[in-house]
Structures are given as structure tokens and as C-alpha cells.
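*Asks:* no sequence for this one, just the structure:
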Ligand SMILES: [Zn+2]
């Protein structure tokens, strides 16, 4: 057993992910910035990043994250495949959520990608009773695809439920982030008031100022 290689995983400093989207599956989409204007900035560059995201959203616990990190360290090919599948799912979710926000039919290819993960997930979990509660439990503790299964299931439940109507894409056409509009009058327009919302506010202030006081 090689235990010393694992220390590098837990020692890697990771900045917190932006979870303002309101649900993990939406926040997962937002781990790639700049889709709409092509200024791409990736926040899931490694399997460890994926584990950290899932740990921060609470989809996997610390113990599972450590176990998966240890398993991934000795299974580089499987780890690479699991990361690629996660990113494929993420881009499919972006296409589906942004289509739903625009009230158009999502691309068939994106639905097929989500369905593939849902099928994989359902073949790998079992319903168990734990302290009197029913839970879905993974049959194989060290399956490297584990982090994405709850994301796919949550996305499917969101699309099937009434909150589907609250899925939005940021009103900044350069942004491409998605979120759940939980405001009472369904008026949230920006992924974040501190970034896109604030920039729009400053721009409209400048436009008003220049329009009202021309030199
Ligand atoms: Zn935005």
C-alpha cells in the first residue's frame, strides 16, 4: 500500500467554488466561465477539483472524497475517463439548462449524454434502509464516477419538477452562467450581483449620466 502519495491530494489548496446558482447541478455548470464570449476559464482541471466541488456542495462527504482521491491516485486511466465524463455531463447540462431558460427544446445529444449518466448511476446504486431512513447507496465505494451521479439525478429531478420554470441564464450575454431564480417575483436576472449585476448597474448608471448631461 502506498499511503504517502495521498498526502499531496489533501494538501492541495483549493479555492471555494461559487455556489450562488442555488443547486449543485447548476453550480456545476458554472465551473466553466466565459462560455458565451469564448474567454474560457476552467475550474475543474483535475479529478481532485471535481472531488472538491462535490465535497463543497455536500454531494459527497469528506471520508468518501479521501477514499476516491486515494483510489484515483493508483488508477490514472480510470481517473482521466471519469473526469472526461464529468466534463461531458457538465456541457450537456449547460445546453439543457440554457435551452430551458430560453424556452426552446434542448439538443437531443445533450439529453442523450445526461441519460447515459443516469443509466450508469441507476445501475450502480441500491436502495437501503439506514437508521430507519431509505437511502440510495453506491454499490462500489471507490467507483470514480460517483461524484457525478448525484448531479445527474438532481438535474433530472429539477427538469421534472415545477422549479424547471425558475432555471435562468445570466442576462449578461457574455456570461453563460445558469442559476435558479428563487426570488419571490421571479425577477433575478444576474448570476451574481457582485459580478455581472454590478457591471450592468455601473453601465446603466454611466449611460444615464452621459445621456442626461451631454458635453
Ligand atoms: Zn453572469
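*Replies:* The structure has been received and is ready for your questions. On a predicted model such as this, the values are computed, not experimentally measured, just so you know.

*Asks:* Helices of the chain, residue ranges please.
*Replies:* 7-11, 24-29, 47-57, 62-73, 76-101, 108-123, 148-160, 198-212 (DSSP state H).

*Asks:* Would you format the ones you listed as a markdown table with mean pLDDT, mean neighbour count and distance to the ion included?
*Replies:* No exception for glycine: its C-beta is placed from N, CA and C like everyone else's. Output for the helices of the chain, formatted as a markdown table (pLDDT from 0 to 100; neighbours: other CB atoms under 10 Å; distance: least, CB to the ion, whole Å):
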| stretch | mean pLDDT | mean neighbour count | distance to the ion |
| --- | --- | --- | --- |
| helix 7-11 | 40 | 12 | 31 |
| helix 24-29 | 97 | 26 | 12 |
| helix 47-57 | 97 | 22 | 19 |
| helix 62-73 | 95 | 18 | 28 |
| helix 76-101 | 98 | 19 | 12 |
| helix 108-123 | 96 | 15 | 21 |
| helix 148-160 | 97 | 20 | 19 |
| helix 198-212 | 73 | 11 | 9 |
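
*Asks:* Could you tell me which residues make contact with the residue nearest to residue 140 when sequence neighbours are not counted?
*Replies:* Counting by CB to CB, 6 or more residues apart in numbering, residue 124 is the residue found nearest to residue 140 once chain neighbours are left out, at 6.5 Å. The contact partners of residue 124, taken as CB atoms under 8 Å, 6 or more residues apart in numbering, are 138, 139, 140, 143, 145, 149.

*Asks:* From what I see, the fifth one and residue 85 are in contact.
*Replies:* Going back to what we said before, that points to residue 145. Yes: counting by CB atoms under 8 Å, residue 145 touches residue 85, with 6.3 Å between them.

*Asks:* Now do the shared contacts for these two.
*Replies:* With CB under 8 Å, 6+ apart as the test, residue 145 and residue 85 both reach residue 117.

*Asks:* Can you lay out the helices of the chain as JSON lines showing distance to residue 176?
*Replies:* Formatted as JSON lines, the helices of the chain follow (distance: least, CB to CB, whole Å):
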{"stretch": "helix 7-11", "distance to residue 176": "30"}
{"stretch": "helix 24-29", "distance to residue 176": "9"}
{"stretch": "helix 47-57", "distance to residue 176": "18"}
{"stretch": "helix 62-73", "distance to residue 176": "28"}
{"stretch": "helix 76-101", "distance to residue 176": "7"}
{"stretch": "helix 108-123", "distance to residue 176": "15"}
{"stretch": "helix 148-160", "distance to residue 176": "17"}
{"stretch": "helix 198-212", "distance to residue 176": "15"}
